[in-house]
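> sharing a sequence plus its predicted fold:
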Amino acid sequence: MKIHVFDSQLDASKEAYAFFERALQNSAKVFGLATGGTPEQLYTLLSESTLDFSNCVSVNLDEYFGLAADHPKSYHHYMQTQLFDKKPFATSYLPDGTNQDVEGEIARYNQILADNPIDLQILGIGSNAHIGFNEPGTSFDSQTQLVDLTESTIEANKRYFERVEDVPTQAYSMGIASIMSAKEIILMAFGAKKAQAIKDTVEGPVTTDVPASILQTHPNVTLLLDKDAAALLTR
């Protein structure tokens, strides 16, 4: 596990951009993408660049259960406005939040992941150390699943909705085993609210109580942090 600490979120995002640039130069074809506030500056840099993803595939980590692709708070909409409108991929896959056939949707997305092994996966991290929407207690062997979001996750996501009552309480999420199958992983974290999660991820035991701690066992993981997120690290 490699750790880089930067003065600002923008500096870290520029380094993440360099990972994408190198991946393309090394013939990477499948990119695992995340949503939320953490990768927004990265997506701006990618959108404004000359990088060409027109022969590549993107696979997203998750989608809220119950939200249609055209819902303004869906992750489909987020990805379209943050990246795909300006930097399209040949094919972009996200879970279908409107699919009420849960087992069918899980099987569909697991097949997508099997057919499109991820070369480079970008991750954020929750304050409770979730990756994707894999909350504490999730099995490290998990694949795509419909998850119940914890109160802390709902609280963190309410800033994107008018009312906390509007925040979805479930989501389809790529599982931890699916994430760990990526050839290379970048985890980005910014702000003091992520500091404890980062410390537990890097310096604590590998435990399902800290989902991101499994990254300690991956052969090719890089953490890109600002100083606040790295503040509790002792090494």
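Arrived safely, thanks for sending. Remember, predicted model here, so these are calculated numbers, not experimental data.
> from the chain's centroid, how far away is the least confident helix or strand in the chain by mean pLDDT?
Lowest by mean pLDDT, DSSP states H and E among the helices and strands of the chain is helix 151-157, with a mean of 79. Distance, stretch centre to chain centre, for helix 151-157: 16 Å (Cα atoms, centre = their mean, to the nearest Å).
> contact partners of that helix?
126-128, 130, 133, 135, 149, 164, 167, 169 (Cβ atoms under 8 Å, 6 or more residues apart in numbering). All C-beta spots, glycine's among them, are computed from the backbone N, C-alpha and C.
> only the buried subset of those residues, as a ChimeraX command please.
A single ChimeraX command selects the buried members of the contacts of helix 151-157 (16 or more other Cβ atoms under 10 Å):
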select :126,127,128,130,133,135,149,167
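> tell me the least confident of the contacts of helix 151-157?
pLDDT across the contacts of helix 151-157 is lowest for residue 164, at 76.
> ok, that residue touching residue 158?
Yes. Residue 164 is in contact with residue 158 according to Cβ atoms under 8 Å; the separation is 4.5 Å.
> about what we covered before: next structured bit after the least confident helix or strand of the chain?
Next in sequence after helix 151-157, counting helices and strands by DSSP states H and E, comes strand 170-173.
> so residue 110, which of the three states?
helix (DSSP: H, G, I helix; E, B strand; the rest coil).
> what is the nearest of the contacts of helix 151-157 to residue 234?
residue 127 (19.8 Å; Cβ to Cβ).
> do you know how far that closest one is from residue 192?
10 Å (Cβ to Cβ, to the nearest Å).
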